[in-house]
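Engineer: sequence isn't available, so here's the structure alone:
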């Protein structure tokens, strides 16, 4: 009735456009997802896709850096999982993506 899926399409497009910038970072091996569900793979070596050792806790380090920016997320190993609420605004998407970019650079 409210056509939620139709109405969020511009936000999804913006989200994916901004997340593409993460691919330029040295420790981002891949950014993959569909709609508002996205996984960002953190790697030790971008060219070989060598993962960080388990004890390094790359995802946890990025999560801690995001918490400083008032964004709470829980990594799964070396993968950052993003599933923002459907009610997220474009401004919040921009803040989330720029904060994630900065947090990855800071933490790794």
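Structural biologist: Nice, thanks for sending it over. Only a predicted model underlies this, so the values are computations on that prediction, with no experimental measurement involved. Numbering: from 1, shown residues only.

Engineer: hey, where'd the helices end up in this protein?
Structural biologist: 4-7, 9-20, 58-67, 90-107 (DSSP state H).

Engineer: of all the ones you listed, which one is nearest residue 73?
Structural biologist: Judged by Cβ to Cβ, the one of the helices of the chain that comes nearest to residue 73 is helix 58-67, at 5.6 Å. Bear in mind the C-beta positions are built from the backbone N, C-alpha and C, glycine included.

Engineer: give the contact list for the residue nearest to residue 99 when sequence neighbours are not counted.
Structural biologist: Leaving aside its sequence neighbours, residue 99 sits nearest to residue 69 (Cβ to Cβ, 6 or more residues apart in numbering; 4.3 Å). Neighbour list for residue 69: 99, 102-103 [criterion: Cβ atoms under 8 Å, 6 or more residues apart in numbering].

Engineer: does residue 42 touch residue 81 like I think?
Structural biologist: No: with contact defined as Cβ atoms under 8 Å, residue 42 does not reach residue 81; the gap is 11.6 Å.

Engineer: neighbour count: the two, which is higher?
Structural biologist: A count of neighbours by other Cβ atoms under 10 Å puts residue 42 above the other of residue 42 and residue 81, at 24 against 15.
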